[in-house]
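A.B. asks: Could you look at this predicted model? Sequence included:
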Amino acid sequence: MKEVTAVGRTIEEAVDSGLEQIQLLRDEVDITIVDEGNKGFLGLIGKRQAVVKLIEKRDALKLATQYLDKIVKKIDPKAKIVSKKEAKKVSFHIDGDKNSLLIGKRGQTLYSLETLVQLVFNRYSDQYCHVMIDIGDYRKKRQEALVQYALKTAKRVLKMKNTIHLEPMPSNERKIVHDTISAFSKKIDTTSEDTGSKRHVVVFYKN
C-alpha cells in the first residue's frame with residue numbers, strides 16, 4: 001500500500017504534487033490534510049506551506065486476488081486466476097495443471113479457499129459480497145453428479161418407503177439435493193440434520 005506526504009503553496013497544489021509522486025488518481029487515494037498552510041503577514045512573516053498525506057485506498061478485489069494467487073501458486077505455479085465482480089457477488093475462476101489438488105476430496109479444498117478469500121475480501125470491502133470460486137468446470141460437473149445422486153436416492157425412498165441419510169455436504173450442495181428431490185415427488189421430503197462438517201441431508205417418505 002503506497003503513501004506519501006506532499007507540500008505545496010495551497011492544499012490543491014500539495015495534493016497534485018502527491019498524486020504525481022504516488023502515481024495514482026485522486027479517487028484511488030485517501031487524502032488527509034496535515035497542515036492547511038498559512039500565507040503569513042504580507043506574504044512574508046509566518047508563511048507556511050500546506051502539507052497533505054495521501055494513502056492508497058485498499059482495493060478489496062485486488063487484495064483478495066493477491067491472497068488467493070499466493071496460496072494457489074504454491075500448489076500450482078502455472079495456474080491462472082480470472083476474477084469478476086458483480087453487484088453483490090465476486091467470482092474467481094482458476095485453471096491450471098493441478099486442478100484436482102486445488103479441488104480436494106468432494107471439493108473440500110475449494111470450499112476452504114472460498115471461505116478464506118471471502119473473509120479477506122469483506123474485510124476490506126465497503127459492501128458485503130458473496131465470494132464463489134470455481135476450478136476448471138468442477139462446479140458444473142459436481143452439480144450434475146449431485147442431481148443424479150439425489151434422483152437415485154429419491155427413487156429408492158419412493159420404492160422402499162424408508163429413510164436415507166446422505167453423506168455430509170456443504171450448504172450449497174445440500175440445497176441442490178433439497179431442490180432436486182422437492183421437484184421430483186411430493187410423496188417424499190428432505191431435511192438437514194447434525195451440525196458443522198457432519199451436517200447432511202435426510203431423505204424420507206411422507207406417511
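C.D. replies: Arrived safely.
A.B. asks: Could you chop this structure up by domain?
C.D. replies: With domains defined by automatic domain parsing, the chain comprises 3-56, 60-136, 141-205.
A.B. asks: can you give me the mean pLDDT across the last one?
C.D. replies: This predicted structure assigns domain 141-205 an average pLDDT of 95.
A.B. asks: distance between the ends of that domain?
C.D. replies: For domain 141-205, the first-to-last residue distance is 28 Å (Cα to Cα, to the nearest Å).
A.B. asks: Same question for the second one.
C.D. replies: Using Cα to Cα, the end-to-end distance of domain 60-136 comes out at 24 Å.
A.B. asks: Which parts of the chain are strands?
C.D. replies: With DSSP state E, the ranges of strands along the chain come out as 3-8, 29-35, 50-56, 80-85, 89-95, 130-135, 163-168, 188-193, 200-205.
A.B. asks: out of those, which comes closest to residue 180?
C.D. replies: Nearest to residue 180 among these is strand 188-193; the distance by Cβ to Cβ comes to 9.2 Å. (Each C-beta comes from the backbone N, C-alpha and C, glycine too.)
A.B. asks: Report the backbone C-alpha coordinates of the closest one in CSV.
C.D. replies: Taking C-alpha atoms only, strand 188-193 is exported to CSV below (Å, rounded to 0.1, in the frame of the first residue of the first chain):
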residue,chain,number,x,y,z
ILE,A,188,-41.0,-37.7,-0.2
ASP,A,189,-39.3,-34.9,1.7
THR,A,190,-35.9,-33.8,2.9
THR,A,191,-34.4,-32.1,5.9
SER,A,192,-30.9,-31.4,7.1
GLU,A,193,-29.5,-32.9,10.3
